[in-house]
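Chemist: quick one, what's the 3D model for this:
(chains A, B, C and D)
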Number of protein chains: 2
Amino acid sequence: MPEAQGSADDGLASAIAACRLRGARVTPLREAVLRTLWAAERPLGAYELRDQLSEEMGRQISAPSIYRTLDFLCEQGVAVRIESRNAYIACNHPEDDHACVLFVCNDCGLSSEIENKKLERLLAADAEALGFSIDHRVLELSGSCADCRG
Amino acid sequence: MPEAQGSADDGLASAIAACRLRGARVTPLREAVLRTLWAAERPLGAYELRDQLSEEMGRQISAPSIYRTLDFLCEQGVAVRIESRNAYIACNHPEDDHACVLFVCNDCGLSSEIENKKLERLLAADAEALGFSIDHRVLELSGSCADCRG
DNA sequence: CCGTCCAATGCAATATTGTTGCATTTGGAG
DNA sequence: CTCCAAATGCAACAATATTGCATTGGACGG
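Modeler: Next up is the predicted model:
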């Protein structure tokens, strides 16, 4: 579940608005996928989304459609792929550059994106020292969230 | 290519020794997979390993054997799976706890594992603040290495 | 040396995840 | 309205990963 920051509806609405501002087309399928991600309480796989949306929309949605839609949403910065799970979540800070750390609970799936500027600086310094130019970062920490640690 | 630190042979030998010290069985297949990873100049996929080893060993190695072997090597800390690529590399510091950052060049595949204690502390602090207990970390940065930036 | 046992491997089938190519539809610009 | 490009539908397929069960092989006690 994307961490609280207004309601999921607010998040969805502002994500859609952000896409439109950039001139991107928010089609019914794209909106439905994003809505499903916002409503989910955990990361969803592509085929899970396909099944759920096929039911919701009363017709078969194909895997390629789902993947293309997810690509679009990730490019727009309103969804994020979790590499270590082959799954996706809605992203609640489309404005910044996704320089965040993702905590994912193995138990309930709760996913929290945390920004940490100091950490960014350390990574940038390491990259600099190596002469490495960073295109894409994957920072995923899995374990147990506060609720599930019982 | 695992970064220089003695020769690849030294790395391979010490990785094998480390496994044996723990009482783990280092079979011909396990050794061959690890040797191939050490010799590779880039991360290798499971099926790539299967094909290469099938040729080397003069018989068909099956996918399950490869996956089981890779699981073993990762558990032993002598190999690492790169989640963002579905690929594996040999690990050159089986001694510590794999609290490292991995830089992977999109161009040549060069993979450098960097330790960064400050970064570890920051992540631990974020986790603490969330009440989150970390099981597994994935820190993978892809981009262009110094040589490929030309 | 022999038998027993268990970990490791072989192997076939299958599941899951992701992609390609091409036809068709849709929505917006002119 | 017409045209164009983007989006979607769809079938086939490719790549990655797992399951279940049979077989092998080495370690160890006798």
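Chemist: any residues of chain A in contact with DNA strand D? List them.
Modeler: Within reach of DNA strand D by Cβ under 7 Å from any atom of the strand, chain A has these residues: A:24-25, A:27-30, A:59-65, A:68-69, A:72. Where you see a C-beta, it was placed from the backbone N, CA and C, and this is true even at glycine.
Chemist: out of these, the closest to residue A:89 would be?
Modeler: Nearest to residue A:89 among the residues of chain A next to DNA strand D: residue A:69, at 14.5 Å, using Cβ to Cβ.
Chemist: residue A:74 and residue A:104: what is the separation?
Modeler: Separation of residue A:74 from residue A:104 (Cβ to Cβ, to the nearest Å): 17 Å.
Chemist: who has more neighbours, those two?
Modeler: Remark: of residue A:74 and residue A:104, residue A:104 carries more neighbours, 27 against 15, as counted by other Cβ atoms under 10 Å in any protein chain shown.
Chemist: isn't the more buried one up against residue A:139?
Modeler: No. Between residue A:104 and residue A:139 there is no contact, the gap being 11.0 Å when judged by Cβ atoms under 8 Å.
Chemist: sorry, back to before: restricted to buried residues, select the residues of chain A next to DNA strand D in PyMOL.
Modeler: Of these, the buried ones can be selected in PyMOL as follows, counting by 16 or more other Cβ atoms under 10 Å in any protein chain shown:
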select buried, chain A and resi 24+29+30+61+69+72
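Chemist: so which of the residues of chain A next to DNA strand D reach DNA strand C?
Modeler: A:25, A:27, A:62-64.
Chemist: out of these, which one sits closest to chain B?
Modeler: Set against chain B, the nearest of those by Cβ to the nearest Cβ is residue A:63 (17.9 Å).
Chemist: what's that closest one sitting at in phi/psi?
Modeler: Torsion angles at residue A:63 (phi, psi; degrees, to the nearest 10) stand at phi -60, psi -50.
Chemist: pLDDT value on it, please?
Modeler: Per-residue pLDDT puts residue A:63 at 97.
Chemist: for it, which non-adjacent residue is spatially closest?
Modeler: Nearest non-adjacent residue to residue A:63, counting by Cβ to Cβ, 6 or more residues apart in numbering or on different chains: residue A:50, 5.9 Å away.
Chemist: picking up where we left off before, quick one: which two of the ones next to DNA strand C among the residues of chain A next to DNA strand D are the most distant?
Modeler: Using Cβ to Cβ, those span at most 21.0 Å, a distance reached by A:25 and A:63.
Chemist: look up how far DNA strand C lies from residue A:9.
Modeler: Residue A:9 sits 22 Å away from DNA strand C, going by Cβ to the nearest atom of the strand, to the nearest Å.
Chemist: about what we covered before: which ones among the residues of chain A next to DNA strand D map onto helices?
Modeler: Secondary structure assignment by DSSP state H places A:28-30, A:63-65, A:68-69, A:72 of these in helices.
Chemist: and residue A:57, how far from chain B?
Modeler: 31 Å (Cβ to the nearest Cβ, to the nearest Å).
Chemist: any idea which element the most centrally placed residue in chain A lies in?
Modeler: Nearest to the mean C-alpha position of chain A, by Cα atoms, centre = their mean, lies residue A:80 at 2.7 Å. Per DSSP states H and E: residue A:80 is located in strand A:79-82.
Chemist: with just CA atoms, put the helix or strand that that strand is followed by into CSV.
Modeler: The element immediately downstream of strand A:79-82 (helix or strand, assigned by DSSP H and E) is strand A:87-90. Taking C-alpha atoms only, strand A:87-90 is exported to CSV below (Å, rounded to 0.1, in the frame of the first residue of the first chain):
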residue,chain,number,x,y,z
ALA,A,87,5.8,-6.6,-9.4
TYR,A,88,4.6,-3.1,-9.5
ILE,A,89,3.3,-0.4,-7.2
ALA,A,90,1.8,3.0,-7.6
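Chemist: list the contacts of strand A:87-90.
Modeler: Identification of contacts with strand A:87-90 by Cβ atoms under 8 Å, 6 or more residues apart in numbering or on different chains yields A:2, A:11-12, A:15, A:34, A:37-38, A:40, A:43-46, A:48-49, A:70, A:73-74, A:78-82, A:111.
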